[in-house]
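Asker: Predicted coordinates and the sequence they were generated for:
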Amino acid sequence: MRLILSFVLSLLALPATAQCVGENLLETMSATDRATLDAAVASNPYPEGNLWLATKGNSTIHILGTMHLNDPRLDPYLEPFWEIADNADLILLEGTRETLDKLKQQMIKDPAVMFITDGPTLPERLPEDEWQTLTKELSIRGIPAFMASKMQPWYVSMMLSIPPCALAGMAEQNGVDYRILDYADSHNIPTRALEPYDTVFSLFGDDTPEKELDGIRIAMAGAKTGDAMISTLIETYLSGQHRAIWELNRYQMRHDSGLSQAEADKLVTEMEGPMLNDRNANWIKVILPAAAEADNIIVAVGAAHLSGEKGVLYLLEQSGYTLTRVDGF
C-alpha cells in the first residue's frame with residue numbers, strides 16, 4: 001500500500017536509502033487528475049515549504065519538515081540549515097538517540113510487537129493462493145516463509161510497502177533526522193523527544209482481523225510500484241511539495257486499492273487521525289512549553305505533519321505565532 005509506504009518513510013524513521021529509480025508519479029498523471037490533485041493541495045494551509053520561521057514576542061521557532069530517506073542531494077540542500085541549528089537552544093524531534101534505543105530494545109524484548117505469539121498464523125488465515133503470493137513478495141525482500149507466517153499483519157503490510165531497492169540500504173541511517181541528531185551531538189545542542197518512544201506501537205495493531213488481512217491485500221497490490229513512489233517522494237520533498245505527496249497517496253488509494261472512493265477516503269481518514277492529527281495536537285503541548293522555556297528552538301518532524309488545518313504550522317498560527325517560509329526550502 002503506497003499510503004503505508006509514505007507513513008513508514010515520513011513517520012517511523014526507518015533507515016532507507018535512495019537506491020530506487022523510477023518515474024515521478026506526479027509528472028505522469030493526466031492533466032485532469034493533476035489539476036484535481038493541485039486543487040486539493042491548494043485547499044490546505046501551508047501546503048509547501050519544508051522550513052518555516054514562527055515568531056511570537058521573544059519566542060522563535062524554526063520548523064523543519066524532515067525525510068527519513070538518505071539521498072546525496074541532502075548535503076547541499078541542508079547546508080543553509082546548519083547555521084540556524086548553531087543558534088538553537090533546543091531541538092525537538094520525533095525521537096532522540098535515547099528514545100530510538102528504547103524503541104529498539106522494546107522490539108527485542110517483546111516479540112509480540114512484530115510477531116504472532118498466540119493464535120492462528122498468516123497461512124492459516126489467508127487463502128492458499130494469497131499466501132503463496134505473499135511469500136513470493138516477502139522472499140524478494142529477504143524474508144523466508146517460515147518467518148513471514150508469524151509476522152503481525154501490520155508489519156507484513158509495512159514490509160511489503162518498502163520496495164527491495166530501499167531495503168538494500170536499511171543499515172544506513174543518514175536521513176534528515178539522523179543528520180540533525182549527528183549535528184546536535186557534535187555541536188552540543190540539546191535535543192528532546194516530542195513523544196514517548198512507544199507511541200509508534202499504538203498506531204498499528206488495533207484493526208479488526210478482517211481489516212488486517214485487507215491491509216495485506218492492498219499492500220500486495222501496490223508492492224510492484226514502490227520504486228516509483230520512493231523516487232517521487234524524494235523529488236517532491238526536495239522541491240518542498242510535502243502536501244502533494246500526501247494527496248498523491250489519497251489519489252493512489254482511490255485508483256489502485258480496489259476500494260470504492262468512499263472506502264478509500266475512509267481508510268485515509270482513519271490512518272490520518274492517529275498517525276498525523278492526534279500526534280500533531282500532542283506535540284503542540286510539548287512545543288509551546290519548550291518555546292516558553294527557551295527563546296530559540298527548532299522543531300524537526302516528518303514533512304507530512306506540516307500542512308493542513310490540523311498540521312503543526314497551522315496549530316502554531318492558531319497559538320498566536322506569525323509564520324514565514326524560509327527561502328530555499
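Answerer: That came through, no problem.
Asker: does Lys211 sit in a helix, a strand or a coil?
Answerer: For Lys211, the assignment made with DSSP: H, G, I helix; E, B strand; the rest coil gives helix.
Asker: What about it, how many residues nearby?
Answerer: Counted with other CB atoms under 10 Å, the neighbours of Lys211 add up to 12. Glycine gets a C-beta too; all of them are placed from N, C-alpha and C.
Asker: now swap in Thr36 and tell me
Answerer: If you count neighbours by other CB under 10 Å, Thr36 ends up with 14.
Asker: in what helix or strand does it lie?
Answerer: helix 31-42 (DSSP states H and E).
Asker: Go ahead and produce PDB holding the CA coordinates of the next helix or strand after that helix.
Answerer: Downstream of helix 31-42, the next assigned helix or strand under DSSP H and E is strand 51-56. Output of strand 51-56 as PDB, limited to C-alpha atoms (Å, rounded to 0.1, in the frame of the first residue of the first chain):
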ATOM      1  CA  LEU A  51      11.400  25.100   6.600                       C
ATOM      2  CA  TRP A  52       9.300  27.800   8.400                       C
ATOM      3  CA  LEU A  53      10.100  30.500  10.900                       C
ATOM      4  CA  ALA A  54       7.400  31.100  13.600                       C
ATOM      5  CA  THR A  55       7.700  34.100  15.900                       C
ATOM      6  CA  LYS A  56       5.700  35.500  18.800                       C
END
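Asker: buried ones in strand 51-56?
Answerer: The neighbour-count check on strand 51-56 (16 or more other CB atoms under 10 Å) flags 51-52, 54 as buried.
Asker: Flag every buried residue along stretch 155-166.
Answerer: Using 16+ other CB under 10 Å as the test for burial, stretch 155-166 gives 155-163, 165-166.
Asker: Same check on stretch 264-272?
Answerer: So, applying 16+ other CB under 10 Å, buried residues of stretch 264-272: 264, 267-268, 271-272.
Asker: Same list (those) but as a markdown table, adding secondary structure and distance to Asn282.
Answerer: Below are these laid out as a markdown table (DSSP: H, G, I helix; E, B strand; the rest coil; distance: CB to CB, whole Å):
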| residue | secondary structure | distance to Asn282 |
| --- | --- | --- |
| Ala264 | helix | 27 |
| Leu267 | helix | 23 |
| Val268 | helix | 21 |
| Met271 | helix | 17 |
| Glu272 | helix | 15 |
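Asker: biggest separation within those residues, which pair?
Answerer: Ala264 and Glu272 (12.3 Å; CB to CB).
Asker: what about stretch 315-329, distance to the chain center?
Answerer: Taking CA atoms, centre = their mean, to the nearest Å, the mean C-alpha location of stretch 315-329 is offset from the chain mean by 21 Å.
Asker: Stretch 240-248 now?
Answerer: With CA atoms, centre = their mean, you get 12 Å for stretch 240-248.
Asker: what does that stretch contact?
Answerer: 2, 6, 10, 25-26, 37-38, 40-41, 44, 46-50, 65, 232-233, 236-237, 303-304, 306-308, 329 (CB atoms under 8 Å, 6 or more residues apart in numbering).
Asker: and the residues you listed, which are buried?
Answerer: Among the contacts of stretch 240-248, the ones that count as buried (16+ other CB under 10 Å) are 2, 6, 10, 25-26, 37, 40-41, 44, 46-50, 65, 232-233, 236-237, 303-304, 306-308, 329.
Asker: In helices, which of the buried residues of stretch 155-166 appear?
Answerer: Counted as lying in helices by DSSP state H, out of these, are 155-161, 165-166.
Asker: picking up where we left off before, residues making contact with the helix holding Thr36?
Answerer: Contact with helix 31-42 is made by 26, 29, 47-48, 241, 243-244, 247-248, 250-251, as judged by CB under 8 Å, 6+ apart.
Asker: low pLDDT regions in the stretch 1-150 of the chain?
Answerer: Under the criterion pLDDT under 70, the flagged ranges of the stretch 1-150 of the chain are 1-20.
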